[in-house]
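> just the structure for this:
(one chain, ligands or ions: 1)
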Amino acid sequence: MRVPTAALVFGPPGSGKSTQAGLLADTLAFEVVDTGRVLRGILYDPARQGDPTIQRERGLFDGGQLMTPSFVVDALRQHLADLKAAGTSCVIGGSPRTMGEATEIMPGIIESYGLENVFPFLLDVPYEACRARNLARTTCTVCGRPQLALAPADGAPLRCRACGGELYTRVDSEKIDIRFAEYEEKTVPIFAYLESLGLKMIHIADDLPGTMYAEVVRHLAKQL
Ligand SMILES: [Zn+2]
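Numbers count the residues shown, from 1 in each chain. Sure thing, here's the model as predicted:
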């Protein structure tokens, strides 16, 4: 990207958000922003272990408790500002998931990259297609490799392509319904908030991942 750009990828669970983010990373050198990784990088930085704030937040993090929201927001803002200063484009897939997260994250993204360089994409994949993809996500019981596989109609067990071990489906149908309901209730309201900030959602029609990605890139063309 000639112009440092921030891409956000929204869509129901199973719509392929991480696939699209991964393609932006692999082909256009976008950095995938993973909030957890950013925070771990700061909390475990050997140079900062004497800092009482770091000690406090690390205690919360290591204890499995929620960290102080203002600390998380500041850390993310600083990370985005550093990326922008280095001329690096970034992609955030799978977050923000709630209005609370959106109001924490979005001002920092817009402040760093500038409104005209922030591109929110919405993967318009129907729930039924997402459901099928979610059910096809399996893990090998022997070697642990994740892989996509559809259950054969005859009910025979699925086998790992690498080791022949039996595959199990990671999410069941009821959990998928809960995730869709959460997406509707918590994530979809973010879209109106983004519009209110002056960001227009870019709808990407359901298709093969590569075709959807070509559409994403077409919308980023003026940044190239
Ligand atoms: Zn295996």
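> and stretch 163-179, how far out from the chain's middle?
20 Å (CA atoms, centre = their mean, to the nearest Å).
> typed the wrong thing, it's stretch 131-151
That offset, for stretch 131-151, works out to 20 Å (CA atoms, centre = their mean).
> do it and the ion meet?
Yes: shown here: stretch 131-151 in contact with the ion (CB under 5 Å from the ion) through 140, 142-143. For the C-beta atoms, the positions are set from N, CA and C on the backbone; glycine is no exception.
> ok, now which ones touch residue 132?
Listed by CB atoms under 8 Å, 6 or more residues apart in numbering, the contact partners of residue 132 are 14, 150.
> what helix or strand is it on?
Per DSSP states H and E: residue 132 is located in helix 127-135.
> and the helix or strand following that helix, what does it pack against?
Per DSSP H and E, the first helix or strand lying C-terminal to helix 127-135 is strand 137-140. Judged by 3 or more CB pairs under 8 Å, 6 or more residues apart in numbering; DSSP states H and E, the packing partners of strand 137-140 are strand 146-148, strand 167-169.
> could you export those as JSON lines, including mean pLDDT, mean neighbour count and distance to residue 123?
Supplementary listing: these in JSON lines, determined by pLDDT from 0 to 100; neighbours: other CB atoms under 10 Å; distance: least, CB to CB, whole Å:
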{"stretch": "strand 146-148", "mean pLDDT": "85", "mean neighbour count": "11", "distance to residue 123": "17"}
{"stretch": "strand 167-169", "mean pLDDT": "86", "mean neighbour count": "16", "distance to residue 123": "22"}
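> can you map out the strands along the protein?
Taking DSSP state E to define them, one finds strands in the chain at 6-10, 31-32, 90-93, 118-124, 137-140, 146-148, 167-169, 202-205.
> count of residues packed around residue 171?
16 (other CB atoms under 10 Å).
> pretty sure it is touching residue 135, no?
Yes: the criterion here is CB atoms under 8 Å, and residue 171 meets it with residue 135 at 7.4 Å.
> any common contacting residues for those two?
Residues touching both residue 171 and residue 135 (CB under 8 Å, 6+ apart): none.
> flag every buried residue along stretch 137-146.
If you call a residue buried by 16 or more other CB atoms under 10 Å, then stretch 137-146 has these buried ones: 138-140.
> now those as CSV including distance to residue 200 and pLDDT?
Output for the buried residues of stretch 137-146, formatted as CSV (distance: CB to CB, whole Å; pLDDT from 0 to 100):
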residue, distance to residue 200, pLDDT
138, 37, 88
139, 38, 90
140, 42, 92
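> tell me the one of the residues you listed nearest the ion?
Of all the buried residues of stretch 137-146, the ion sits closest to residue 140, with 3.2 Å by CB to the ion.
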